[in-house]
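Chemist: I would like the atomic coordinates for the input below:
(one chain, ligands or ions: 2)
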Amino acid sequence: MVRYGEIFLKSETVKRRYISILTENIRLALESEGLTHRIETYRGRIMIYGDEPRRIATAAARTFGVVSTSVCTVTAADIEGLAATAVEHAERCLRPGMSFAVRARRSGVEGFGSQELAAAVGSAVLDRIPEARVDLTAPDYEISVEAREFGGLVYDEKIAGPGGLPYGTQGEVMALLSEGIDSPVASWLMMRRGCLMVHVNMHGGRFGGADAEKNVLQNHARLSTWVPGHPLDLLVVKMEPFFEAITGLKEPRYRCVLCKRFMLRVASLLANEWEATALVSGDNLGQVASQTLANMAVIAPAATVPVLRPLIGFDKTEVVDRARAIGTFQARPGDVGCTVAPRYPSTAAPAETIVKLEEEIDAAGLAERAAATVRRYRAKNGVVEEVG
Ligand code: ATP
Ligand code: MG
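Modeler: Numbers count the residues shown, from 1 in each chain. Ligands and ions are numbered 1, 2, ... in the order given. Predicted structure coming up:
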């Protein structure tokens, strides 16, 4: 059984569209793992039938839009059938001395109420395991029985899903993906929110660390495992000429602001070309010099499309925990240091100075040329190949 959350709140037409996208994504996920199955959608629930229910439930629980899944035993949608099956489940998990609770639901089935169903199932369990006791508030073991028009369901476990909205329901965005910890989490959060994703990375060439590109590709590959069966593209752009230009400027302390503005310029050009409506970045308020409020105010206008910053209010520990859970955290990133970053970057670059410096190096021209250097990688189910 697959439970979805917010989709419930949508109008009937939107709900129908979202559920059909969700079931297609679940189908792709199961197909990617070679799991044969049959999907049925009912009011408020998606049921998947197959020979490997645990693997199916686990794979489906990684799908964006899914709140949780449960491996269910299907039985008759009446009190006797549900009680007998619930007793079988309880015998496997409920030990003497443990407390338990029965949660009952009924929908589209007449003849008894959910209270009556819960009471009957509870006493059937107690008949078989008299040493157990009922605790409805904080039970050691919880067993759920549902009488629905398509059958009776019994389950005692929930596998948590990522929540969010089905991938592909919210239009396309382009995330600036680096070799770091933050931007993969930012991309994941927007994919979870239903945005079709395309990644862009700015390659520093001889100014960047030797392991940067390998790590970016790894982040890209791992993120693709969250949308199994969907191709996920990464555009890699050459930043070297820009770095050459800014390292020639007198004042090193404005380099980070110039760099971030340049990235937004190039990404905006590519977003237009790729029909992405917004950019996504992993900025986090106050984390580094280019992420002070003052510098962000100077950096942001370089973009010609909106920039989404889902991590702006996160603490570092929250980002790291999330990166670990997603599978993008790299404990030993290797050589990823940027050699252009100055020792004392400005935390409040004056906008007029930045504009002058950009004219001096012809940032607009450099951005146009950088946007024309795209190499494209395509990831699917964690495997990356260069496609041009
Ligand atoms: P991250 O961990 O994502 O690299 P960070 O904490 O290192 O972030 P910055 O390096 O200042 O912070 O980068 C801020 C954001 O700019 C990143 O989250 C990412 O979205 C984008 N960004 C940084 N470097 C690159 C790059 N080489 N290519 C593409 N985007 C980048
Ligand atoms: Mg970084």
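Chemist: use CA for all of it now, contacts and neighbours both
Modeler: Will do.
Chemist: Tell me the buried residues in whichever helix or strand residue 352 is part of?
Modeler: Element membership for residue 352, per DSSP states H and E: helix 351-361. The neighbour-count check on helix 351-361 (16 or more other CA atoms under 10 Å) flags 354, 357, 358, 361 as buried.
Chemist: wait, which of those is closest to ligand 1?
Modeler: residue 354 (17.1 Å; CA to the nearest ligand atom).
Chemist: So what's the residue count around the nearest residue to that closest one once chain neighbours are set aside?
Modeler: Nearest residue to residue 354, sequence neighbours excluded (CA to CA, 6 or more residues apart in numbering): residue 258, at 7.0 Å. When neighbours are defined as other CA atoms under 10 Å, residue 258 has 23 of them.
Chemist: contacting residues for residue 258?
Modeler: 246, 299, 354, 358 (CA atoms under 8 Å, 6 or more residues apart in numbering).
Chemist: Could you do residue 311 as well?
Modeler: Residue 311 neighbours (CA under 8 Å, 6+ apart): 182, 185, 186, 282, 283, 284, 319.
Chemist: Select from the residues you listed every entry located in helices.
Modeler: 182, 185, 186, 319 (DSSP state H).
Chemist: which of those residues sit farthest apart?
Modeler: 186 and 319 (9.0 Å; CA to CA).
Chemist: Who has more neighbours out of these two?
Modeler: Neighbours per residue, other CA under 10 Å: of residue 186 and residue 319, the larger number sits with residue 186, 27 against 21.
Chemist: Could you pull up the residues touching residue 379?
Modeler: 220, 221, 224, 231, 232, 233, 234, 385.
Chemist: hmm, 7 Å instead?
Modeler: For residue 379, the contact set (CA atoms under 7 Å, 6 or more residues apart in numbering) comprises 221, 224, 231, 232, 233, 385.
Chemist: what's the answer for residue 303, then?
Modeler: 264, 265, 268.
Chemist: just the strands in the stretch 201-350 of the chain please.
Modeler: For the stretch 201-350 of the chain, strands defined by DSSP state E, counting those that start in this stretch occupy the ranges 232-238, 278-280, 307-308.
Chemist: Any residues of the stretch 201-350 of the chain in contact with ligand 1? List them.
Modeler: Contact residues, the stretch 201-350 of the chain versus ligand 1 (CA under 6 Å from any ligand atom): 201, 202, 203, 281, 282, 283, 290.
Chemist: For those, pick the one with the most neighbours.
Modeler: These, ranked by neighbours (other CA under 10 Å): first place residue 290, 29 neighbours.
Chemist: what pLDDT does that residue get?
Modeler: Residue 290 is assigned 88 on the pLDDT scale.
Chemist: Quick check: the gap between it and residue 376.
Modeler: Separation of residue 290 from residue 376 (CA to CA, to the nearest Å) stands at 28 Å.
Chemist: do the same with residue 193
Modeler: From residue 193 over to residue 376 (counting by CA to CA), the distance is 24 Å.
Chemist: Of the two, give the one with the bigger neighbour count.
Modeler: Between residue 193 and residue 376, residue 193 has the larger neighbour count (other CA under 10 Å), namely 20 against 16.
Chemist: wouldn't that one be in contact with residue 164 here?
Modeler: Yes - assessed by CA atoms under 7 Å, residue 193 is found in contact with residue 164 at 5.0 Å.
Chemist: model confidence over whichever strand or helix holds residue 80, on average?
Modeler: Here residue 80, judged by DSSP H and E, is contained in helix 79-93. Mean pLDDT, helix 79-93: 97.
Chemist: Just give me how far it sits from the chain centre.
Modeler: Using CA atoms, centre = their mean, to the nearest Å, the mean C-alpha position of helix 79-93 is found 36 Å from that of the whole chain.
Chemist: same deal with stretch 377-388?
Modeler: 19 Å.
Chemist: Just the buried positions in it, please.
Modeler: 377, 378, 379, 380, 381, 382, 384.
Chemist: Give the burial count for the residue in the stretch 1-150 of the chain positioned nearest to ligand 1, as a bare number.
Modeler: Proximity of the stretch 1-150 of the chain to ligand 1 (CA to the nearest ligand atom) peaks at residue 64, 21.4 Å away. When neighbours are counted by other CA under 10 Å, residue 64 registers 27.
Chemist: quick one, phi psi at it?
Modeler: phi -60, psi 140 (degrees, to the nearest 10).
Chemist: Quick one: residues contacting it.
Modeler: 162, 163, 164, 165, 166, 167, 192.
Chemist: what about 6 Å?
Modeler: Contact partners of residue 64, counting by CA atoms under 6 Å, 6 or more residues apart in numbering, are 162, 163, 164, 165, 166, 192.
Chemist: Done for today, thanks.
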